[in-house]
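1. sequence and predicted model, in that order:
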Amino acid sequence: MASLLRRLPVSLGPRSYEIAIGRGNLGRLGQELKAIDSGLKQMIVTSNTVWSLYGKIVSDSLESNGFDVSVTIVRDGEEAKSFQSLLTIFDMLLENEFERRSGIVALGGGVVGDLAGFAAATFMRGIRYVQVPTTLLAQVDSSIGGKTGINHPRAKNVVGAFYQPRLVWADASTLSTLPEREIRSGLAEVIKYAVISDPALCRLLPENASDLLNASNETLIEVIYRCCSIKAHIVERDEKEQHDLRPTLNYGHTIGHALESLTNYVEYTHGEAVAIGMMGAAQISLEIGTTNRDMVHAQEDMIRSVGLPTTTSHPINSEELTRQLQKDKKRLGGRVRWVLPRKLGEVFLTEDVPESVVQRVVNDLTHPKGIEVNCT
Ligand SMILES: NC(=O)c1ccc[n+]([C@@H]2O[C@H](COP(=O)([O-])OP(=O)(O)OC[C@H]3O[C@@H](n4cnc5c(N)ncnc54)[C@H](O)[C@@H]3O)[C@@H](O)[C@H]2O)c1
Ligand SMILES: [Zn+2]
């Protein structure tokens, strides 16, 4: 059933655009593209599963509005964020004689959004693209803000560009086909937004946890809208991470990324790793005296209420995890920049956390109580 479309501006001068969030609006994309004066040729870049579920409705909508549509389908999953997929997209763009005014429609999760956005950023030094996010993570986070990119075989997300889309067109009804684990994973980013800047959302989350796991619930649209407005506001003020604001979006990601990479991106979803990372960041803040126990417990309640983990599911070598943090540190210019909570709705950045505190907290996170520890 179609519901009211909510629209949010992202004000970035000549690179401004709108985020539209609704339910049942996927089939109106063609009309919208016409309204924002998109070029005649449009290429849908999508992944196998998403194409089989939503490809027809999107391509019909574009074609019935007069667009000349071509399609590139990549495999599902993170491996698609590769040089090989990028080349495939470039081949298709050349074969279909795309030019500067043509556009790309990124239809899918964060993987497709990052890949298609980067293809748009680099083909002919930049063609237009729109984001049509179909995962919760993509609807609340990755489709907004213009970070695009692919992975290098040796490191994730290291080849990329800041390149804003012309439109973000989110249809919450697409979430009804998303596996529940992926919904929970997206909810970790929702909790992230709540902790970094929305105390009211912190209260709303545990009270409405079961509704949020149900993709057809109206509360979910409200939550998506709130998260988008937080991100839009941050991106407007610090588009290219030149200040201390956009980095706050990395809350929970320092330990989260290290955990994902140590477990080869297969054991934990991104959101699960971020949930564990947020618990780590809050505990660090508690230990260095910059937050209190109530904050840590309130965050733990939120994380548990949506069924996300607060520690690893089995013991892992905490020294290896700390080493992984050091590796990331090297890439980031020699320092780990922690995003730590002060209270619900407020975080700060610091490079000043004693190694011994990190080691202790990481050890607690990776050695869940009640489980026999036997790691070397
Ligand atoms: N650019 C940014 O600012 C930013 C921010 C956060 C994350 N990311 C990136 O996002 C990626 C993760 O994105 P994700 O969590 O959306 O994962 P994903 O894109 O891999 O999607 C998860 C899986 O769900 C499938 N899928 C997508 N929509 C579906 C639907 N409606 N129904 C059924 N299946 C569906 C996909 O085909 C895929 O297999 C990572 O590569 C991460 O680096 C980017
Ligand atoms: Zn994230």
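-> Looks like it came in fine. Numbering: from 1, shown residues only. Ligands and ions are numbered 1, 2, ... in the order given.

2. OK, contacts around Leu62?
-> Residues in contact with Leu62 (Cβ atoms under 8 Å, 6 or more residues apart in numbering) are Leu29, Gly30, Leu33, Gln42, Ile44, Val69, Val105. All C-beta spots, glycine's among them, are computed from the backbone N, C-alpha and C.

3. you'd agree Ser59 is up against Val71?
-> Yes: applying Cβ atoms under 8 Å, one finds Ser59 in contact with Val71, separated by 6.8 Å.

4. so if I had to pick from these two, which one is more boxed in?
-> Here Ser59 and Val71 are compared on neighbour count by other Cβ atoms under 10 Å; more neighbours surround Ser59, at 22 against 17.

5. that one in helix, strand or coil?
-> Classification of Ser59 using DSSP: H, G, I helix; E, B strand; the rest coil returns helix.

6. residues contacting it?
-> By Cβ under 8 Å, 6+ apart, Ser59 lies in contact with Ile44, Val69, Val71.

7. what about the first one, is that helix, strand or coil?
-> The three-state label given to Ile44 by three-state DSSP is strand.

8. relative to ligand 1, which of the contacts of Ser59 is nearest.
-> Closest approach between those and ligand 1, by Cβ to the nearest ligand atom: Ile44, at 13.8 Å.

9. tell me the contacts of that closest one?
-> Ile44 touches Trp51, Gly55, Val58, Ser59, Leu62, Val69, Ser70, Val71, Thr72, Ile104, Val105, Leu107, counting by Cβ under 8 Å, 6+ apart.

10. could I get the pLDDT score of it?
-> Note for Ile44: predicted pLDDT of 98.

11. which non-adjacent residue is nearest the residue of the stretch 201-350 of the chain found nearest ligand 1?
-> Closest contact between the stretch 201-350 of the chain and ligand 1, by Cβ to the nearest ligand atom, is at His270 (5.6 Å). Closest residue to His270 apart from its sequence neighbours, by Cβ to Cβ, 6 or more residues apart in numbering: Ser185 at 6.0 Å.

12. can you pull the pLDDT of the residue nearest to Asp68 when sequence neighbours are not counted?
-> In space, and not counting its chain neighbours, Asp68 is closest to Lys41: 4.9 Å by Cβ to Cβ, 6+ apart. pLDDT, Lys41: 98.
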